[in-house]
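Undergrad: Next comes the sequence, and after it the predicted model I'd like to discuss.
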Amino acid sequence: MSSPERVVAAVQMVSNDDRPQNLAAAERLIARACDQGARLVVLPENFAFMGRRDGDVVGQGEPDGDGPIQAFLADQAARHRVTLVGGSVPITGPEAGRVRSACLVHGPDGQRLGRYDKCHLFDVTLANGEAYRESDSFAPGPQPVVVSTPAGRLGLSICYDLRFPEHYLALARADAEILLAPSAFTATTGAAHWASLVRARAIENLCPVVAPDQGGQHANGRATHGESMVVDAWGGVVAACGIGDGEGVAVAGLDPAQRDQLRRRIPAATARMQSGNPDE
């Protein structure tokens, strides 16, 4: 039986360039998740803003510790008495013209418990001609981050990080109990790889993953995949939203003992964490 602290929710949204509208949608979905018993609620990447043009996000940047998006997260966490994760928030830094894509974790009292800045930026050109250059608007973060919360030790990542297994190995080595992957996967890459990548990160580390995704058609014409999911430490999908069909919540209970039980029975993940070579 899962303890209340391990009932988790992945929130699926279809965010646009209207920040107040996005925050109102997030507020509604957080309440829905909490009504279903969630004590850890994770919002997707870009939950508060998806601009019509790639560079629009820079104008939404907030100083660290101040701004309407950060105030919203603190208020919602305290109001519902939950651990709340803002999938990504644009935070200003020392570089002119670029912000950080910061995953922010707030505790049940509203206080911020941790911050992770996205390490791997989505600079790709797809076969269908879609091209993305996140590094034009975002500066990369320095390192993976694990945050201790009432819901457990959370290993943080954002979207494109999913393609870098060494990132999650670092989180596992730091004793992450739940891996988080808030995302805005494109419809094209999501259809091909989303579920496989999320489940692979769980399987190779024998660690549960909470992966909220954007899911639908956005004001900028971009389509995102959806299929927000909660995956247990065995790689099983225990809750999921639909593919590309709009907002929703995937709520499931996670057994806090499963990770350690599996690692005792199948020591591959433990051996890999102890290895000096992450690729072995």
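TA: Great, that's in hand. Residues are numbered from 1 along each chain as shown.
Undergrad: CA only for contacts and neighbour counts going forward, please
TA: Noted.
Undergrad: Apart from its neighbours in sequence, what residue is nearest the residue nearest the centre of the chain?
TA: Geometric centre of the chain, nearest residue: residue 182, 1.9 Å, by C-alpha atoms, centre = their mean. Spatial nearest neighbour of residue 182, chain neighbours left out: residue 44 (4.4 Å); criterion: C-alpha to C-alpha, 6 or more residues apart in numbering.
Undergrad: surely the one you found meets residue 14?
TA: No. Using C-alpha atoms under 8 Å, residue 44 is not in contact with residue 14, being 9.5 Å away.
Undergrad: Quick check: neighbours shared by the two?
TA: Common contact partners of residue 44 and residue 14 (C-alpha atoms under 8 Å, 6 or more residues apart in numbering): residue 214.
Undergrad: between these two, which one's more packed in?
TA: Per other C-alpha atoms under 10 Å, whichever of residue 44 and residue 14 has more neighbours is residue 44, with 33 against 29.
Undergrad: All the strands of the stretch 151-280 of the chain, residue numbers only.
TA: For the stretch 151-280 of the chain, the strands defined by DSSP state E, counting those that start in this stretch occupy 152-156, 178-180, 209-211, 229-231, 237-240, 248-253.
Undergrad: For the first one, name the packing helices and strands.
TA: Strand 152-156 sits against strand 145-149, helix 165-173, strand 178-180, with contacts defined as 3 or more C-alpha pairs under 8 Å, 6 or more residues apart in numbering; DSSP states H and E.
Undergrad: contacts for that strand?
TA: Here strand 152-156 has contacts from 5-6, 103, 116, 144-148, 168, 171-172, 175-181, using C-alpha under 8 Å, 6+ apart.
Undergrad: same question, the fourth one
TA: Contact partners of strand 229-231, identified using C-alpha under 8 Å, 6+ apart, comprise 8-10, 198-199, 202, 208-212, 237-241, 250-252.
Undergrad: quick revisit: which of the contacts of strand 152-156 are buried, as a PyMOL select command?
TA: The PyMOL selection below is limited to those of the contacts of strand 152-156 classed as buried (16 or more other C-alpha atoms under 10 Å):
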select buried, resi 5+6+103+116+144+145+146+147+168+171+172+176+177+178+179+180+181
